[in-house]
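>>> What would the 3D arrangement of this be:
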Amino acid sequence: MKKGIYVLPNLVTVCSTFCGFYAIVASFKGYYIYAAWAIMIASIFDGLDGKIARLTHSTSKFGVELDSLSDVISFGVAPGVLIYTWALQPFGRIGWVGAFLFVVCGALRLARYNVQAETSEAKYFTGLPIPAAAVTIGAFVLFYDELWKDREVRTYLVVVLTYLLAFLMVSTVRYHSIKEFEDSKRSPFLVLVGAVLVLIVILMHPTVMLF
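Residues are numbered from 1 along each chain as shown. The predicted model follows:
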């Protein structure tokens, strides 16, 4: 306790936690679009805290543990509550089991990541990262509201998506890590052009193209 903690990266992590908590409250009140955007914003803070910690040489065991606990709230509980209150509740047991499975698989994914971070997950992720699964839920809510706002959301497509994301998180499927691109000094010029084009397409209609 006498050593103190690094304020800036941990404060960014707390911002991610706040967005997750807000998403939960908004879901209970029926503000599903606000909840979805809160999860999306939480993912931005989640990406920034590690960057800031590395740039300022303020990485710490405390920060790693706080980040994991924050991820459980913002990318486990928050999207689980959102997808349940938004679409899964009418399905009864299948619905709440799917929402719970999403949360628990996310927690298991984080636990596995924490023990593998220094070895196999240096260059790639084993299983779908929990922030990616949460962002998929949030983006799907925005996508569905934009295209079929006045239609019934109680469809088995949502059930399948929830179970699929849960199982992908605990699977052994490998996903590329952004660290692969960070370690490379140069990339082809067309990579930059492609990235700009993707960004433009997303900005043209974010509620649809994010998903």
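>>> Going by C-alpha atoms from here, please, whenever you check contacts or count neighbours.
Fine.
>>> Residue nearest the middle of this protein, spatially speaking?
When CA atoms, centre = their mean is applied to the chain, the residue found nearest the centroid is Pro131 (2.0 Å).
>>> right, and that residue touches Phe75 too?
Yes. With contact taken as CA atoms under 8 Å, Pro131 and Phe75 are classed as touching, separated by 5.5 Å.
>>> Quick check: next helix or strand after the lowest-mean-pLDDT helix or strand in the chain?
Here the helix or strand of the chain ranked lowest by mean pLDDT, DSSP states H and E is helix 179-183, holding a mean of 56. Going down the chain from helix 179-183, the next helix or strand is helix 189-204, by DSSP states H and E.
>>> Mind telling me what element the residue nearest to the centre of the chain is part of?
Following DSSP H and E, the helix or strand that holds Pro131 is helix 130-147.
>>> buried sites along that helix?
Residues of helix 130-147 classed as buried under the neighbour-count rule (16 or more other CA atoms under 10 Å) are 130-131, 133-145.
>>> try stretch 46-59
Along stretch 46-59, these residues count as buried under the neighbour rule (16+ other CA under 10 Å): Asp46, Leu48, Asp49, Gly50, Ile52, Ala53, Ser58, Thr59.
>>> I'd assumed the second one was in a helix, is it?
It refers to Leu48. Yes. If the criterion is DSSP: H, G, I helix; E, B strand; the rest coil, then Leu48 is within a helix.
>>> Spit out the contact partners of it.
Each residue near Leu48 by CA atoms under 8 Å, 6 or more residues apart in numbering is listed here: Pro9, Val12.
>>> give the contact list for Ser43.
Contacts of Ser43 by CA under 8 Å, 6+ apart are Ser16, Pro131, Val135.
>>> how close does the residue nearest to the centre of the chain get to Ile94?
Taking CA to CA, to the nearest Å as the criterion, Pro131 is separated from Ile94 by 23 Å.
>>> In space, what's closest to Leu88 - neighbours in sequence excluded?
Take Leu88 and drop its neighbours on the chain: the residue closest to it by CA to CA, 6 or more residues apart in numbering is Gly95, 4.4 Å away.
>>> tell me which element the one you found falls in.
Remark: Gly95 resides in helix 93-116, with elements defined by DSSP H and E.
>>> List the buried residues in that helix.
Using 16+ other CA under 10 Å as the burial criterion, the residues of helix 93-116 that qualify are 95-96, 98-110, 113.
>>> Redo the buried residues of stretch 46-59 as TSV? Include pLDDT.
Listed next are the buried residues of stretch 46-59 as TSV, based on pLDDT from 0 to 100:
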residue	pLDDT
Asp46	90
Leu48	87
Asp49	80
Gly50	76
Ile52	81
Ala53	75
Ser58	70
Thr59	73
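>>> Could you export the residues you listed as CSV, including distance to Asp67?
Conversion of those to CSV gives the following (distance: CA to CA, whole Å):
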residue, distance to Asp67
Asp46, 8
Leu48, 11
Asp49, 8
Gly50, 9
Ile52, 13
Ala53, 11
Ser58, 14
Thr59, 11
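>>> Check the residues you listed and tell me the two furthest apart.
Spatial extent of the buried residues of stretch 46-59 (CA to CA) is set by the pair Asp46 and Ser58 at 15.6 Å.
>>> and which of the contacts of Ser43 is nearest to Leu203?
The shortest separation between Leu203 and any of the contacts of Ser43 is 16.6 Å, and it belongs to Val135 (by CA to CA).
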